[in-house]
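Q: Build the 3D model from these lines:
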Amino acid sequence: MLIKIFGSAVQGVEAITITIEVNVGQGTQFYLVGLPDNAVKESEYRIETVIKNIGYKMPRLRTIVNMAPADIRKVGAAYDLPIAVGILAASKQLTPVYDTTQFVIMGELSLDGTLRPIRGALPMALQAKKEGFKGIILPAQNAAEAAMVDGLEVYAVQHINEIISFLKGEEKLHPIPPIHYAPQQTFDLDFAEVKGQYFVKRGMEIAAAGGHNILMVGAPGVGKTMIAQRLPTILPPLTLQEALETTKIHSVVGKAGQVITTRPFRCPHHTISDVALVGGGSTPQPGEISLAQNGVLFLDELPEFKSTALEVLRQPMEERKVTISRINFTVDFPSSFMLVASMNPCPCGYFNHPLKHCCCPPGAVQKYLNKISGPLMDRIDLHIEVTPVPPSLMIEDDKLTEASAVIRERVIAARNIQAQRFKNERYVIFCNAQMNNKQLHLYCRLLPKARTLLDRAMKHLHLSARAYNRILKVSRTIADLAGVEEIDTAQIAEAIEFRKLDRESWGQYQC
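A: Model (predicted):
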């Protein structure tokens, strides 16, 4: 008897519907075909044990399980459940009263029939809805993220017996209620805890308002990491579309389990490999830059990262996606993130310090900075020098320090201006940092005095054309925070001030 069960495979961050055809007929062998990997091939032993343990019999006839399309590699143990249900139905031990082709069924089986969580539940649910399936049956641990998809019945099950009883009509399964997205509004950290550092906090506000990349340079202990950790508290809340995008990526690597309601903050160690940072592997998986989608990627002690790892950031920062190519397929991982980096100014950490003397030999500062390539530095919009906080400000009254909620309101107001500006664009743009050259000329109109000031700065600081565009983007964000349409000298001057750590400028401070 031939039975069809539908499952799903994840390729990149998208799902592909898999048809699992089970035929039990004359013969004695068990065949599993359709390009399965070792984990899928081993399912025969798990499924046989489960079927016996729940009181059924593994058919001793010729059993063929075909997983189509056959040119897509099937990975993981999540196909245990649909194959087991197909074998029971094809051997006539299970006579479904429901049409099994209306459901997508996925789950990994323990030997006692308990279901284990799987990866990629959200993309599977989105694809099931797109293809018109009535519902999806998943392990209970994955139901919350799948329930974000409206118009699709999500059934949460904990044991294979629940599915068998449901298909037989002996017991009803009720779809779980749809989960209505609500972004998190409260945080454990707050900018009110940062004393002084007004210039740095202003830079963080501009970065958050425009989605700009930012680099902080300063001696050890001046608060670079502390400030970076509080950046998510002033970012706008995730929209539903952004939450779905972010949850999909975390679901693929098995780190979601539920809806992500806050912007990610990823902080990889400087020993991270190129593949772990950008993504890849024999079965391509998202890297840290994709896990930071719609959030923050914080690279602490930037020069300590391998140069090859830093250079792989260049294309994703520009194109906001990572393309992983293999012989048989190519996958794209989204990587629209804010890069926040910090570094010491020199190997000893005290170059240009107002109180402590730098003990590095001549040329060490430039050599240290050379670990960061010019093209990567150009792609960072704001360069900020972080100086020590005077002791008088360490006991500053909390009432005089702005809380994250206050700064966040200004950021949200600026983002709303940008949303209105870009609402008719062909491609989705969320913030000023994502503008291309055409949009720069259209939306970054300079007054004559502002253009003159920018031209002089370009010649004096020897800035590149990319740095020129970055200054325009930052000045556009500063103008949005001020609520003005045209960019004047005040906005250009402030944007230039945040480029003072460009490579050419650093040479002026050499000993």
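Q: Can you report how many residues neighbour Asn424?
A: Applying other Cβ atoms under 10 Å, we find 6 residues neighbouring Asn424. Bear in mind the C-beta positions are built from the backbone N, C-alpha and C, glycine included.
Q: quick one, phi psi at it?
A: phi -100, psi 10 (degrees, to the nearest 10).
Q: Quick check: it vs Tyr443, distance?
A: Separation of Asn424 from Tyr443 (Cβ to Cβ, to the nearest Å): 12 Å.
Q: Just list the residues touching Phe166, thanks.
A: Counting by Cβ atoms under 8 Å, 6 or more residues apart in numbering, Phe166 touches 98, 155, 157, 172-173.
Q: any low-confidence regions in the stretch 301-450 of the chain?
A: 395-400 (pLDDT under 70).
Q: Tell me how far Leu302 lies from Met377.
A: Relative to Met377, and taking Cβ to Cβ, Leu302 is found at 10 Å.
Q: Overlap in contacts, those two.
A: The contact lists of Leu302 and Met377 share Leu215, where a contact means Cβ under 8 Å, 6+ apart.
Q: so Arg202 is in which element?
A: helix 198-210 (DSSP states H and E).
Q: tell me which strands and helices that helix is in contact with?
A: For helix 198-210, the contact count by 3 or more Cβ pairs under 8 Å, 6 or more residues apart in numbering; DSSP states H and E identifies strand 214-218, helix 224-229, strand 338-343, strand 382-386, helix 404-421, helix 465-482 as packing neighbours.
Q: hey, where'd the helices end up in the stretch 101-250 of the chain?
A: Remark: helices assigned in the stretch 101-250 of the chain by DSSP state H, counting those that start in this stretch are 121-130, 143-146, 160-168, 198-210, 224-229, 240-252.
Q: Which one of those helices lies nearest to Cys431?
A: Across those, Cys431 has its closest neighbour in helix 198-210 (5.4 Å, Cβ to Cβ).
Q: In CSV, list the helices and strands packed on helix 198-210 along with distance to Gln439.
A: Conversion of the helices and strands packed on helix 198-210 to CSV gives the following (distance: least, Cβ to Cβ, whole Å):
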stretch, distance to Gln439
strand 214-218, 21
helix 224-229, 28
strand 338-343, 19
strand 382-386, 20
helix 404-421, 9
helix 465-482, 10
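Q: now the ones you listed as CSV including distance to Gly295 and mean neighbour count?
A: Shown next, in CSV, are the helices and strands packed on helix 198-210 (distance: least, Cβ to Cβ, whole Å; neighbours: other Cβ atoms under 10 Å):
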stretch, distance to Gly295, mean neighbour count
strand 214-218, 14, 24
helix 224-229, 12, 20
strand 338-343, 7, 24
strand 382-386, 18, 22
helix 404-421, 14, 17
helix 465-482, 18, 22
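Q: in stretch 102-111, what counts as buried?
A: 103-109 (16 or more other Cβ atoms under 10 Å).
Q: got it, and stretch 130-147?
A: Across stretch 130-147, burial judged by 16+ other Cβ under 10 Å covers 133, 135-147.
Q: now do stretch 358-367
A: Under the neighbour-count criterion of 16+ other Cβ under 10 Å, stretch 358-367 has 358, 360, 364-365 buried.
Q: wait, what's in contact with Ala192?
A: By Cβ under 8 Å, 6+ apart, the residues touching Ala192 are 398, 401-404.
Q: quick one: it from Tyr368, how far?
A: Distance, Ala192 to Tyr368, by Cβ to Cβ: 34 Å.
Q: Break this structure into its domains for me.
A: Using automatic domain parsing, the domain ranges for the chain come out as 2-168, 191-509.
Q: Go through the ones you listed and name the closest to Tyr181.
A: domain 191-509 (5.0 Å).
Q: picking up where we left off before, among the contacts of Ala192, which one sits closest to Ala479?
A: Ranked by distance to Ala479 (Cβ to Cβ), these are led by Glu402 at 20.7 Å.
Q: From what I see, that closest one and Val194 are in contact.
A: No. In this structure Glu402 lies outside contact range of Val194 using Cβ atoms under 8 Å: 9.4 Å.
Q: between these two, which one's more packed in?
A: Shown here are Glu402 and Val194; by other Cβ under 10 Å, Val194 has more neighbours (21 against 16).
Q: For Val200, see how far away the closest residue to the more buried one other than its chain neighbours is.
A: The spatially closest residue to Val194, leaving aside those adjacent along the chain, is Ile227, at 5.9 Å (Cβ to Cβ, 6 or more residues apart in numbering). Ile227 is 6 Å from Val200, where distance means Cβ to Cβ.
Q: And for Lys248?
A: 34 Å.
Q: Same question for Glu304.
A: Counting by Cβ to Cβ, the gap from Glu304 to Val200 is 21 Å.
Q: Between those two, which has more neighbouring residues?
A: Val200 (24 against 13).
Q: Quick one: residues contacting the more buried one.
A: Counting by Cβ under 8 Å, 6+ apart, Val200 has contacts 216, 223, 227, 384, 386.
Q: cutoff 10 Å now
A: 194, 214, 216, 218, 222-224, 227-228, 382, 384-387, 389 (Cβ atoms under 10 Å, 6 or more residues apart in numbering).
Q: Need the pLDDT of Leu215.
A: On the pLDDT scale, Leu215 is placed at 94.
Q: Give me the subset of the buried residues of stretch 358-367 lying in helices.
A: Judged by DSSP state H, the buried residues of stretch 358-367 include 364-365 as members of helices.
Q: Out of the buried residues of stretch 130-147, give me the two with the largest separation.
A: Greatest spatial distance in those: Phe133 and Gln141, 20.7 Å, computed using Cβ to Cβ.
Q: burial measure for the residue lying closest to Leu472 once chain neighbours are set aside, as a count.
A: Residue nearest to Leu472 in three dimensions, not counting chain neighbours: Cys444, with 4.4 Å by Cβ to Cβ, 6+ apart. If you count neighbours by other Cβ under 10 Å, Cys444 ends up with 19.
Q: wouldn't Cys444 be in contact with Asp480 here?
A: No. Cys444 is beyond contact range of Asp480, at 11.0 Å (criterion: Cβ atoms under 10 Å).
Q: Overlap in contacts, these two.
A: Counting by Cβ under 10 Å, 6+ apart, the shared contacts of Cys444 and Asp480 are 432, 491.
Q: And for Lys57, the neighbour number?
A: Neighbours of Lys57 (other Cβ under 10 Å): 11.
Q: List the contacts of the closest residue to Pro117 other than its chain neighbours.
A: Leaving aside its sequence neighbours, Pro117 sits nearest to Gln141 (Cβ to Cβ, 6+ apart; 3.8 Å). By Cβ under 10 Å, 6+ apart, the residues touching Gln141 are 107, 115-118, 121, 156, 158, 257-258.
Q: Kindly recompute the last result at 8 Å.
A: The contact partners of Gln141, taken as Cβ under 8 Å, 6+ apart, are 116-117, 257.
Q: among these, which one has the lowest pLDDT?
A: Minimum pLDDT for the contacts of Gln141 is recorded at Gly257 (72).
Q: correct me, but it touches Ala144?
A: Yes. Gly257 lies in contact with Ala144 (Cβ under 8 Å); the separation is 6.8 Å.
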